[in-house]
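S.K.: need a structure here:
(one chain, ligands or ions: 2)
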Amino acid sequence: MAADLERLRQEICRREEELSELKQRLADMEKKSVEDASDGTEPKTIHNGNQKLTNDQIGRYSRQLILPELGVKGQVKLLSSKVLIVGAGGLGCPAAIYLAAAGVGKIGIVDYDEVEISNLHRQILHTEHRVGVSKAESVAISCRNLNSSLNFITHKVQLSSDNAMSIIRDYDIVLDATDNVATRYLLNDACVLAGKPLVSGSALRFEGQLTVYNHKGGPCYRCLYPKPPPPETVTNCSDGGVLGVVPGIIGCYQALEAIKIAADIGTPLNQRLMLFDAIDCTTRTIKLRGRQVLCPVCGDNPSMTQLIDYEQFCGARATDKDQEKKVLPASSRMTAKEYQTLLENGIEHVLLDVRLPVEMEICHLPHPALNIPINTVKKDPSALVEQIKRQLASSGIPLDTSPVVVVCRRGNDSQLAVQLLHDSNLNIRDIRGGLHAWARDVDSLFPVY
Ligand SMILES: Nc1ncnc2c1ncn2[C@@H]1O[C@H](COP(=O)(O)OP(=O)(O)OP(=O)(O)O)[C@@H](O)[C@H]1O
Ligand SMILES: [Zn+2]
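M.R.: Ligands and ions are numbered 1, 2, ... in the order given. Okay, here's the model as predicted:
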């Protein structure tokens, strides 16, 4: 049954890709037939006396063509513009679809990752049967379904110092729709060196931000943030959570700014930062400080003339993929299977779950747990030690031999907790890989989030 489902899913995916390719071929042939026709003395398909836009284009873009600010002139600019979207996730999806709808002639999409089920609540161009498919490809397929007359280029790679300049070179405007600091610096420096405006967005929890760097004499990212933040202060969507509409809104704003720059209309958001707060529906725009003459990349005498190692510069990876930290020695850890054995043997112990209460409500191990979030543990580890000792004493459990088992979602915070509590004479260990390991190695029906 499961194999049948998987086969069917793959079949749908395959046919969808085929369909997308056919659509692209059809669009190319249509374009060619218009060009061939207009080669002759008598234009066969263009009767609008304008020749800058085809009848199809006039029909399709009619509602924006009649905007005096945009008009035929602006539409022609859009059709000949080339926009690169880096990141095909929560920001990149809405940005891509509106750029395609508006008729940006060439749209590049960079993403090395594949669609996961947990992406679908906000990365709205991906679909259930495209789980496991390249995100860049998935965005291109969805955009092509909306507007097959455009040129979509997929770059299924991680943008890095080695490939950034050669990818960016072919575009006029770049959108930062990524989620990590190393890529932000990389994109900034690459855009300054290549002389391209960078439309930067971010979204986390209920808040979003938007600005345009390196445009019309405004500052670059480094002018404002010369030093990267300490890695431990940076939170991503997978740890902090995000309401899907928030990146949806910011991604739309990114498309809007790119369209304004491409069509040369309105006032771009350079040297200004827009802050959006969904909880009370407020938007504030604040003035940013200007370009810094001493900026190492965009200043008057830049010391940086080529890209550097951004992971080293930021002390953090250029992806937000789970990376198992190895903080504790093996003797301070147990596997999920070992914890299962401990449960089956009825061994008395204290289970400490260091996730947030809201996460406890999603799922928890089949044993009563003391729920103290890691940030509370960090604040006062000794108070927690006392609490655990009281709990052991009240249950008549011997303090030094009975295990205290710490668990979290992926086995990183649990190690931190064991480290913080390790001076306490408690027999304390964490579960390696946390609840993800429990779901993988012990209980395949246990939910993963
Ligand atoms: N250097 C990079 N090169 C290419 N793509 C990148 C780079 N850095 C980040 N990305 C992509 O940017 C996208 C950011 O989107 P978003 O944060 O919404 O998604 P996510 O990382 O899949 O989400 P989650 O944090 O829930 O797992 C991701 O698809 C990620 O693969
Ligand atoms: Zn600068």
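S.K.: contacts, neighbours, all on C-alpha from now
M.R.: Fine.
S.K.: which residues touch the nearest residue to N188 once chain neighbours are set aside?
M.R.: With sequence-adjacent residues excluded and distances taken as Cα to Cα, 6 or more residues apart in numbering, N188 is closest to Y221, at 6.1 Å. Contacts here follow Cα atoms under 8 Å, 6 or more residues apart in numbering; on that basis Y221 touches Y185, N188, Y213.
S.K.: and the first one, that's in a helix?
M.R.: Yep, that's Y185 we're talking about. Yes - the assignment for Y185 by DSSP: H, G, I helix; E, B strand; the rest coil puts it in a helix.
S.K.: begin at 57 from now on, thanks
M.R.: Got it, first residue is 57 now, which makes that one Y241.
S.K.: what's near enough to touch it?
M.R.: By Cα under 8 Å, 6+ apart, the neighbours of Y241 are Y277, R278, Y366.
S.K.: inside helices: which ones of the residues you listed?
M.R.: Mapping those onto helices (DSSP state H) picks out Y277, R278, Y366.
S.K.: these two touch, right, the second one and G355?
M.R.: No - with the criterion set as Cα atoms under 8 Å, R278 and G355 do not qualify as a contacting pair; they are 9.8 Å apart.
S.K.: so which elements touch the lengthiest helix in the chain?
M.R.: If you go by DSSP H, the chain has its longest helix at helix 58-95. The contact analysis (3 or more Cα pairs under 8 Å, 6 or more residues apart in numbering; DSSP states H and E) places helix 58-95 against helix 191-202.
S.K.: buried residues in the helix it packs on?
M.R.: K191, A192, E193, S194, V195, A196, I197, S198, C199, R200, N201 (16 or more other Cα atoms under 10 Å).
S.K.: swap in stretch 462-477?
M.R.: Buried residues in stretch 462-477, counting neighbours by 16+ other Cα under 10 Å, are found at 462-477.
S.K.: from the residues you listed, which land in strands?
M.R.: Using DSSP state E, the subset of the buried residues of stretch 462-477 located in strands is V462, V463.
S.K.: buried residues, stretch 59-71. List them.
M.R.: Neighbour-count burial for stretch 59-71 [16+ other Cα under 10 Å]: Q66, C69.
S.K.: ditto for stretch 261-281
M.R.: Quick answer for stretch 261-281 (16+ other Cα under 10 Å): 261-271, 274-280.
S.K.: and the residues you listed, which of them are in strands?
M.R.: The strands, defined by DSSP E, take in E263, G264, Q265, L266, T267, V268, Y269 from the buried residues of stretch 261-281.
S.K.: could these be laid out in CSV, adding distance to K435?
M.R.: Shown next, in CSV, are these (distance: Cα to Cα, whole Å):
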residue, distance to K435
E263, 26
G264, 28
Q265, 30
L266, 33
T267, 35
V268, 38
Y269, 38
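S.K.: so which of these is the closest to R186?
M.R.: G264 (27.2 Å; Cα to Cα).
S.K.: and that closest one, what does it touch?
M.R.: G257, S258, V302, P303, I306, L331, F332, D333.
S.K.: helices or strands up against the helix or strand containing the fifth one?
M.R.: Assignment of secondary structure by DSSP states H and E places I306 within helix 301-319. Secondary-structure packing of helix 301-319 (3+ Cα pairs under 8 Å, 6+ apart): helix 127-135, helix 148-158, strand 229-232, strand 254-260, strand 263-269.
S.K.: next one: it to chain centre, how far?
M.R.: In terms of Cα atoms, centre = their mean, to the nearest Å, the centre of helix 301-319 is found 15 Å from the chain centre.
S.K.: average pLDDT for that helix?
M.R.: When pLDDT is averaged over helix 301-319, the result is 98.
S.K.: quick check, G145 in contact with A233.
M.R.: Yes - with contact defined as Cα under 8 Å, G145 reaches A233; the gap is 7.2 Å.
S.K.: follow-up on the earlier one: nearest to L61, of the helices and strands packed on helix 301-319?
M.R.: Between the helices and strands packed on helix 301-319, helix 148-158 lies closest to L61; by Cα to Cα that is 26.8 Å.
S.K.: can you list contacts of the closest one?
M.R.: Helix 148-158 is touched from outside by 117, 134, 141-142, 163, 179-181, 195, 198-200, 202-203, 206, 233-234, 304-305, 307-311, 315, with contacts defined as Cα under 8 Å, 6+ apart.
S.K.: give me the buried positions along it.
M.R.: Result for helix 148-158 [16+ other Cα under 10 Å]: buried residues G148, C149, P150, A151, A152, I153, Y154, L155, A156, A158.
S.K.: repeat for stretch 177-192
M.R.: Neighbour-count burial for stretch 177-192 [16+ other Cα under 10 Å]: 178-183, 185-187, 189-192.
S.K.: pick the one among these closest to ligand 2.
M.R.: A192 (29.4 Å; Cα to the ion).
S.K.: and that closest one, how far is that from H182?
M.R.: Distance of A192 to H182, given as Cα to Cα, to the nearest Å: 10 Å.
S.K.: Q214 too?
M.R.: 19 Å.
S.K.: kindly report the same for T375.
M.R.: With Cα to Cα as the criterion, T375 and H182 are 20 Å apart.
S.K.: L147 now?
M.R.: From L147 to H182 the distance is 13 Å (Cα to Cα).
S.K.: number of nearby residues for the residue lying closest to Y227 once chain neighbours are set aside?
M.R.: The shortest distance from Y227 to any non-neighbouring residue, by Cα to Cα, 6+ apart, is to K138 (4.8 Å). Neighbours of K138 under the rule other Cα atoms under 10 Å: 21.
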